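Peer 1: Build the 3D model from these lines:
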Amino acid sequence: GRLPALALGLPVLVERVRQGYQATTSGRFPEALTLFRSALQAAAITAVDSRAKVAELREVQQVCVDYGMAMRIEMQRKEAASDPKRTAELSAYFTHCKMQPAHVMLSLRSAMTVAYKMKNFKCAASFARRLLDCHPKPEIGTQARKVLQLCEQNPVDAVPLDYNELNPFVVCGETFVPIYKGSKLERCSYCGQAYAPPCKGHLCAVCDMGEVGGEATGMVCYMNQLTDMDM
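Peer 2: Numbering: from 1, shown residues only. So this is what the prediction gives:
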């Protein structure tokens with residue numbers, strides 16, 4: 001069995017998120033997932049005493065959910081290395097995760113390279129444009145413009161992917177497939193991660209706490225009772 005989680009202060013959670021960012025930048029995705037997940041779990045029993053800290057705790061929680069799912073997508077991509085089509089799909093999904101600008105640029109550069117190598121020039125061109133919109137370093141910008149120029153000469157995809165960038169979607173936390181806008185989905189009872197309906201009743205793979213489709217209040221932050229003078 002597991003030991004009960006220890007109550008941690010908000011500064012400790014913020015530090016874990018910072019360490020998670022560093023691990024992400026270095027490509028240590030399993031380590032980053034552990035950091036974000038532990039912070040997300042600890043946030044459930046973290047006490048705060050001001051409205052500003054409530055807002056900060058909520059932000060920490062959401063960052064941990066977003067990055068937790070992003071890390072799982074990238075880890076799944078590495079496991080699918082022998083399947084070029086699946087690798088390209090997961091690379092594409094990764095670019096839509098809510099992350100820091102530097103990490104978004106890393107994801108776009110990777111997806112652009114993967115798509116170009118498999119002759120999915122339409123997708124590669126799209127990733128190149130999005131990368132240029134992020135104002136990358138000169139050498140990366142030069143690479144993106146070169147890829148864009150080459151791809152625009154033949155804007156077709158050699159391998160059809162389960163990916164439509166024009167239709168908003170979320171990625172299922174268990175099957176790693178897109179759930180497009182308007183489709184039915186279930187959410188984790190704690191962190192709110194989206195799942196395909198067949199996953200209902202399963203343990204959430206992002207927070208490792210909530211039940212998919214379960215009924216609960218979820219991530220709700222309460223402030224210790226203070227008077228106006230105390231604040």
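
Peer 1: switch to C-alpha atoms for all contacts and neighbour counts from now on
Peer 2: OK.

Peer 1: Run through this structure and note the low-pLDDT ranges.
Peer 2: The chain contains residues with pLDDT under 70 at 1-7, 217-231.

Peer 1: where do the helices sit along it?
Peer 2: Assigned by DSSP state H, the chain shows helices spanning 10-25, 29-43, 51-79, 84-94, 101-117, 121-133, 138-151.

Peer 1: Next, the buried residues of the shortest one.
Peer 2: What it means is helix 84-94. By 16 or more other Cα atoms under 10 Å, the buried positions in helix 84-94 come out as Lys85, Arg86, Thr87, Ala88, Glu89, Leu90, Ser91, Ala92, Tyr93, Phe94.

Peer 1: Name all residues that make contact with the first one.
Peer 2: Under the criterion of Cα atoms under 8 Å, 6 or more residues apart in numbering, the contact list for Lys85 reads Val159, Leu161.

Peer 1: now with 10 Å?
Peer 2: Contact analysis of Lys85 by Cα atoms under 10 Å, 6 or more residues apart in numbering lists Ser91, Val114, Ala115, Met118, Val159, Pro160, Leu161, Asp162.

Peer 1: Kindly report the same for the last one.
Peer 2: When contacts are counted by Cα under 10 Å, 6+ apart, Phe94 touches 69-74, 77, 88, 103-104, 106-108, 110-111, 171.

Peer 1: again with the fourth one
Peer 2: Taking Cα under 10 Å, 6+ apart as the definition of contact, the neighbours of Ala88 are 77, 80-81, 94, 110-118, 120, 123, 159, 161-163.

Peer 1: Need the residues that contact stretch 199-215.
Peer 2: So stretch 199-215 is contacted by 33-34, 36-41, 64-72, 172-175, 185-198, 216, 218 (Cα under 10 Å, 6+ apart).
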